[in-house]
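J.: take this sequence and fold it.
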Amino acid sequence: MFDYHGRVAVITGGSSGLGVLCANALAARGCDVVLAARRFEILEENAQALREQYGVKAIPVRCDVTKEDQVIAARELVEKEFGRCDILINCAGEGHNDWAIDLALEKWQATIDVCVIGLFLMCREFGKLMREHNYGRIVNVASMLGMIALDSSFGRGISEYSASKGAVINFTRQLANEWAQYGITVNTLSPGFFASEQSPVGQGWFADFINTWCPMKRNGSDHELDAAIIFMTCEENSYMTGNNVVIDGGWTCT
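T.: Alright, predicted model coming up:
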């Protein structure tokens, strides 16, 4: 059980944050990994680290998920290199911190482009490879903020990010319905606050905020998503689809 040797995973947002955590969780179990993001030099370093630590095949792919031609090129490269894609994890994300009344349209659009349109393009293209083999595991990373609003004491706006993650959750449900007949499961992972380049985790003011609103009174730590990633992407988990797995320290239960 949970043997990933011979499987191929494509992970967006593979240059940092949750993308790197997901890549390590799968590579540690023998999965070959394709890391996709815009910052190719960092991708190369991350891929080399996976190869050295786990002995798997790991390749970097420069890909701006908002660009249809780049997503298609990434799919063609993976098809040529591996002939298949068994797992797709969409971690690429973007957000801004303006209050809605001050939010520029271009910032709203930039977030929607990455979190919704980019995710759609990745699902569409790599779903084609999965359908050829009647097998696939797709995990779309949303957020607890796709289900709840943050109290204004958070001190900054996050409306376009919340809207995008709500869209991801329901898009996932629809895609799960459409692709169930092809042996493809599509589920959403909705984390609470974990450390990343865009997260406020580690900033002094945030400790008081999370202590007030999160029942566990802390942010998530490295590897606390690993079990969910393995469960959602393993071959044995073939009957769960269209679900939203929430890992948020109890935030959404209050």
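J.: residue boundaries of the helices in the stretch 151-254 of the chain?
T.: 159-179, 204-213, 226-233 (DSSP state H, counting those that start in this stretch).
J.: of the ones you listed, which shows the lowest average pLDDT?
T.: Per-stretch mean pLDDT for the helices of the stretch 151-254 of the chain is lowest at helix 204-213 (a mean of 85).
J.: run through who's touching it.
T.: With C-beta atoms under 8 Å, 6 or more residues apart in numbering as the test, helix 204-213 has contacts from L150, D151, S153, F154, G155, F193, P200, K217, R218, N219, W251, T254. C-beta: built from backbone N, CA, C; applies to glycine.
J.: could I get the pLDDT score of the third one?
T.: With respect to pLDDT, S153 has a value of 78.
J.: next: the last one.
T.: According to the model's per-residue confidence, T254 sits at a pLDDT of 74.
J.: what residues are up against it?
T.: W213, P215.
J.: picking up where we left off before, mean neighbour count added to the helices of the stretch 151-254 of the chain, as TSV?
T.: Formatted as TSV, the helices of the stretch 151-254 of the chain follow (neighbours: other C-beta atoms under 10 Å):
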stretch	mean neighbour count
helix 159-179	19
helix 204-213	13
helix 226-233	19
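J.: out of these, which comes closest to A58?
T.: helix 226-233 (16.2 Å; C-beta to C-beta).
J.: tell me which helix or strand the residue nearest to L129 when sequence neighbours are not counted sits in.
T.: Residue nearest to L129 in three dimensions, not counting chain neighbours: C85, with 4.3 Å by C-beta to C-beta, 6 or more residues apart in numbering. Counting by DSSP states H and E, no helix or strand carries C85.
J.: quick one, phi psi at C85?
T.: Torsion angles at C85 (phi, psi; degrees, to the nearest 10) stand at phi -140, psi 120.
J.: before we move on, back to that, between the helices of the stretch 151-254 of the chain, which one is nearest to M130?
T.: helix 159-179 (7.8 Å).
J.: what residues does that closest one touch?
T.: Contacts for helix 159-179 (C-beta under 8 Å, 6+ apart): 93-96, 99-100, 103, 107-108, 111-112, 114-116, 119-120, 123, 127, 130-131, 136, 138, 140-143, 145-147, 149-150, 185-188, 190, 241-242, 244.
J.: middle-most residue in the protein, spatially?
T.: C91 (2.4 Å; C-alpha atoms, centre = their mean).
J.: neighbours of the nearest residue to that one once chain neighbours are set aside, how many?
T.: Distances taken as C-beta to C-beta, 6+ apart place G13 nearest to C91, at 3.4 Å, with adjacent residues excluded. Other residues lying near G13 total 27 when counted by other C-beta atoms under 10 Å.
J.: same check on G183?
T.: 14.
J.: all further residue positions should be reported with the first residue as 40.
T.: Yes, from this point I'll number from 40; that puts the last item at G222.
J.: show me where this protein has its strands.
T.: 47-51, 71-76, 97-101, 126-129, 175-180, 223-230, 283-286 (DSSP state E).
J.: now the fifth one and strand 47-51, what's the angle there?
T.: In other words, strand 175-180. Put simply, strand 175-180 runs at 20 degrees to strand 47-51, going by axes from the mean of the first three to the mean of the last three C-alpha atoms, to 10 degrees.
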